[in-house]
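Undergrad: what follows is a predicted protein model with its sequence.
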Amino acid sequence: MTTTTLAVLVPLLPFLGAVAGLLLGRTAPGFVRPLAVLPPLAALALAAVVAVRQGGDQAMNAATELTPTGSVPIELALHIDGFAALVAVLVAFVATCVQTYSTGYMRDDPRYPSYAALVSLFTSAMLLVVYSGDLIVLLVGWEIMGICSYFLVGHYWETPEARAASLKAFLVTKLGDVPFLIGLFALATDAGSFRITKILDTVAHGGLDHPTLIALLLLAGVAGKSAQFPLHTWLPDAMAGPTPVSALIHAATMVAAGVYFIARLLPVFEASRAAMVVLAVMAAVTMIGSGLAALAQDDIKRVLAYSTIGQLGYMTGALAVGDRGAAVFHLLAHGAFKALLFLAAGVVIHAAGTNSLAAMSRMQDLRARVPDAYWTMTVALLALAAIPPFSGFFSKESVLGAAEHVATGHTEHAPGAAGWITLVAGLFAALLTAAYATRLWLLAFYGRGAAAPDHGRQPVTMTVVLWVLAAPSLALGAFAYRVLPDWFDGRDLTPTLTTSVIGTGVALVGGIITYAAWRHTSMLAARAPLGAVAAHPDGAAQVEAEAIASHTPVYGDIAYVPDPADPGRLLLGPLHRHAAVGFHLDALYTAVFVRPVQAGATLVRFLDREVVETYVRGAGALPRWLGTAVRRAQTGNLQTYVSALLAGTVVLAVAAVLVATGA
């Protein structure tokens, strides 16, 4: 079987699994779980074969024209280079782990068949984006992921949080997709084709007429899909969906699509130095802002959500300095340990109670109850904090090394300002990352919250998946930089000494300071009441009042007194209450965009009902009144008719005489 055929089957198999799962979900429920797990597993095997055959050599291309469209044809095209081959393996691997994990995590969910089918469709759409060689076909997968995220985030549609989060995710990403679509058409117009290879060839020969405009339009879509400032606000709220969905979205699909898109078309962005600086600024604000916000969150999944935003900022920072190898390297390493973090968080949440009890201030010493989650999450957090020799160290240092290379003027692929912005922000973000990772570990596994009832051991499928993901979280970085440079344009991925020492140093400082703050606050907390609702003598009403007074976010109907042992409050000080609500960006957007739109809609409704409908009602009422007058004149009395006829004749005669006299 040819490599092209295998590549076509990779996105096709999960799609067929999704269709079959939807059709058989009610009639043959016994087939739902096999149909959920086997197609992505087969796609993983085929993607691995494609990667081996591709081998980091010249990109493989194949195309067939879908339909004649005039001057700019649309083609069903494949463009598989080393980046596409590796990212496809990551997507299929994480999807297989998520589907396997979900067979245990969602075993009692009555809507599991539709959930599993949507996850498979989500996977198929991302694989289509990865392998596509035509921007319109890529756009199809891009938009299918948006639809799937809407349904999956809103899986628990009975809760208002899930309904609001799904709408927010859909609308915010669509806000970015509008200029993104305009940018795609502008790019195709300049290049004369939607084919990626032809576009890159046009860029290489200086054929783009409006590179800055096109790059900025495309960046809007990337900011929405990959949750970068200022369109990142949907991602923390998307935690209202099932935890396995969070792992899929954050690790290998959707949010990774924007970064991967820029990596594919990086020469387009490099054609505009202004766009590269904008990308660097966007990455810097995202890294620092998300790190501060993560340090103030109490919900364990929201901490991980802001962590994802920050790590994506590292990837966009690498792209801002023109190193797509470092960006994709970090994308691969991050996909492994972030999937592990979310799936381990699902085990922790299960042990703490239910999904609504994800507040770390309510967790009490869980390390003994969930040892598998404890050890695997420790590995993933060390990878997240970029502590050697874990995978995150190698991939994050490749980003910092690339930024340092540009900042010191060793390359002209990107402006020096972009290098300095990315380097400084990346080092500060490394400090924040280690701080919130340490805080999460301490509060989740050594916390003083209320003890939750023991729900027993987790299904074996959930535990096995955690250990499977722990392996790449530990070893992928060292393996990749030694074995896979051919897949990354032949670039050396070895960490540089300067950034390795400084980056690891600031990470250790962040972890040590957080631990010291936790020890200090724990001594104070020993003399303070616990932070759980059940432990408060005045009940839930007092708890809610204190939560509101302290500017602590209240998720759903869960209110709590902040745990005095939270080091985040001590570290952030007065900044904590602002960071806890995402620096009020949602409130700002509500004031600047939502309320004016609502006011405009109210005005339009008033004009429609009171002005337009008045004319419509008048147009209908006038003939009705005339009809009523005519109907009343029809009395059936012959004398009345003759009298009216004679009177009319007299009036006409008089009028004729007057006209004649006047003439």
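TA: Thanks, I have the structure now.

Undergrad: show me what the strand or helix carrying Gln639 is packed up against.
TA: Using DSSP states H and E, Gln639 sits in helix 638-662. Using 3 or more CB pairs under 8 Å, 6 or more residues apart in numbering; DSSP states H and E as the contact test, no helix or strand touches helix 638-662. C-betas here are computed from N, CA, C, even on glycine.

Undergrad: can you show me the helices along the stretch 1-150 of the chain?
TA: Here the stretch 1-150 of the chain has its helices, by DSSP state H, counting those that start in this stretch, at 3-24, 32-54, 82-105, 112-131, 135-153.

Undergrad: and those: which comes nearest Thr433?
TA: Nearest of the helices of the stretch 1-150 of the chain to Thr433, taken as CB to CB: helix 82-105 at 20.9 Å.

Undergrad: tell me which other helices or strands the closest one touches.
TA: Here helix 82-105 touches helix 3-24, helix 32-54, helix 112-131, helix 243-251, helix 255-264, helix 324-352, helix 460-483, going by 3+ CB pairs under 8 Å, 6+ apart.

Undergrad: in that helix, what's buried?
TA: Within helix 82-105, the residues that count as buried by 16 or more other CB atoms under 10 Å are 82-105.

Undergrad: likewise for stretch 150-168?
TA: For stretch 150-168, a neighbour-count test (16+ other CB under 10 Å) marks 150-156, 159, 161-162, 165-166, 168 as buried.

Undergrad: what's the helix or strand for the closest residue to Leu508 other than its chain neighbours?
TA: Using CB to CB, 6 or more residues apart in numbering and skipping residues adjacent in sequence, the residue nearest Leu508 is Ala434, 7.1 Å away. In this structure, Ala434 sits in helix 416-446 according to DSSP H and E.

Undergrad: and stretch 87-97, how far out from the chain's middle?
TA: In this view, stretch 87-97 has its centroid 17 Å away from the chain centroid, taken as CA atoms, centre = their mean, to the nearest Å.

Undergrad: just the CA coordinates for that stretch, please, in PDB.
TA: Taking Å, rounded to 0.1, in the frame of the first residue of the first chain, the C-alpha atoms of stretch 87-97 are listed here in PDB:
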ATOM      1  CA  VAL A  87       2.200  15.900  14.800                       C
ATOM      2  CA  ALA A  88      -0.100  13.300  13.200                       C
ATOM      3  CA  VAL A  89       1.400  10.600  15.500                       C
ATOM      4  CA  LEU A  90       0.900  12.900  18.500                       C
ATOM      5  CA  VAL A  91      -2.800  13.600  17.600                       C
ATOM      6  CA  ALA A  92      -3.600   9.900  17.100                       C
ATOM      7  CA  PHE A  93      -1.600   8.900  20.200                       C
ATOM      8  CA  VAL A  94      -3.400  11.300  22.500                       C
ATOM      9  CA  ALA A  95      -6.800  10.600  20.900                       C
ATOM     10  CA  THR A  96      -6.300   6.900  21.600                       C
ATOM     11  CA  CYS A  97      -5.300   7.500  25.200                       C
END
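
Undergrad: where are the low-confidence patches of the stretch 451-600 of the chain?
TA: Scanning the stretch 451-600 of the chain for pLDDT under 70 picks out 451-456, 524-565.

Undergrad: typed the wrong thing, it's the chain
TA: Confidence mapping of the chain against pLDDT under 70 gives the ranges 69-70, 352-358, 449-456, 524-565, 663.

Undergrad: returning to what we had before: tally of neighbours for the residue nearest to Leu508?
TA: When counting by other CB atoms under 10 Å, one arrives at 28 neighbours for Ala434.

Undergrad: try Glu65
TA: The tally of other residues near Glu65 (other CB under 10 Å) stands at 12.

Undergrad: isn't it right up against Asp134?
TA: No: with contacts counted by CB atoms under 8 Å, Glu65 stays clear of Asp134, the gap being 9.8 Å.

Undergrad: against Met276, how distant is Ala266?
TA: For the record, residue 266 is Leu, not Ala. Applying CB to CB, to the nearest Å, the value for Leu266 to Met276 is 10 Å.

Undergrad: so which of the two has more stuff around it?
TA: Using other CB under 10 Å as the criterion, Leu266 and Met276 rank with Met276 on top: 25 against 20.

Undergrad: how about the helix or strand harbouring the more buried one: buried residues?
TA: In the assignment (DSSP H and E), Met276 maps to helix 273-294. Residues of helix 273-294 classed as buried under the neighbour-count rule (16+ other CB under 10 Å) are 273, 275-294.

Undergrad: still on that earlier bit, quick check, nearest of the buried residues of stretch 150-168 to Pro14?
TA: Nearest to Pro14 among those, with distances taken as CB to CB, is Leu152, at 14.3 Å.

Undergrad: export the helices of the stretch 1-150 of the chain to a markdown table and tack on distance to Leu508?
TA: Below are the helices of the stretch 1-150 of the chain laid out as a markdown table (distance: least, CB to CB, whole Å):
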| stretch | distance to Leu508 |
| --- | --- |
| helix 3-24 | 41 |
| helix 32-54 | 35 |
| helix 82-105 | 29 |
| helix 112-131 | 35 |
| helix 135-153 | 36 |
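
Undergrad: Val464: which of those is closest?
TA: Among the helices of the stretch 1-150 of the chain, the nearest to Val464 by CB to CB is helix 82-105 (7.6 Å).

Undergrad: so that closest one versus helix 112-131, what angle?
TA: Going by axes from the mean of the first three to the mean of the last three CA atoms, to 10 degrees, helix 82-105 is angled at 170 degrees with respect to helix 112-131.

Undergrad: the inter-axis angle of helix 82-105 versus helix 32-54?
TA: If you take the same axes, to 10 degrees, helix 82-105 sits at 160 degrees to helix 32-54.

Undergrad: how close does the nearest residue to Phe15 once chain neighbours are set aside get to Pro472?
TA: Excluding its sequence neighbours, the residue lying closest to Phe15 (CB to CB, 6+ apart) is Ser124, at 4.0 Å. According to CB to CB, Ser124 stands 23 Å off from Pro472.

Undergrad: for whichever strand or helix holds Arg617, list the C-alpha coordinates in CSV.
TA: Using DSSP H and E, Arg617 sits in helix 613-633. In CSV, the C-alpha atoms belonging to helix 613-633 read as follows (Å, rounded to 0.1, in the frame of the first residue of the first chain):
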residue,chain,number,x,y,z
GLU,A,613,-44.5,47.0,12.3
THR,A,614,-46.6,50.2,12.6
TYR,A,615,-46.3,50.7,8.8
VAL,A,616,-47.0,47.0,8.2
ARG,A,617,-50.1,47.1,10.5
GLY,A,618,-51.2,50.4,8.8
ALA,A,619,-50.9,48.8,5.3
GLY,A,620,-53.2,46.0,6.4
ALA,A,621,-55.5,48.2,8.4
LEU,A,622,-56.3,50.8,5.6
PRO,A,623,-57.8,48.3,3.2
ARG,A,624,-59.7,46.8,6.1
TRP,A,625,-61.2,50.2,7.0
LEU,A,626,-62.1,50.9,3.4
GLY,A,627,-63.7,47.5,3.1
THR,A,628,-65.7,48.2,6.2
ALA,A,629,-67.0,51.5,4.8
VAL,A,630,-67.9,49.9,1.5
ARG,A,631,-69.6,47.0,3.3
ARG,A,632,-71.7,49.4,5.3
ALA,A,633,-72.8,51.2,2.1
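
Undergrad: off-centre distance for it?
TA: Centroid separation for helix 613-633 versus its chain: 57 Å, with CA atoms, centre = their mean.

Undergrad: hang on, the earlier thing: figure out which of the helices of the stretch 1-150 of the chain is closest to His210.
TA: Closest approach to His210 among those (CB to CB): helix 135-153, 16.2 Å.
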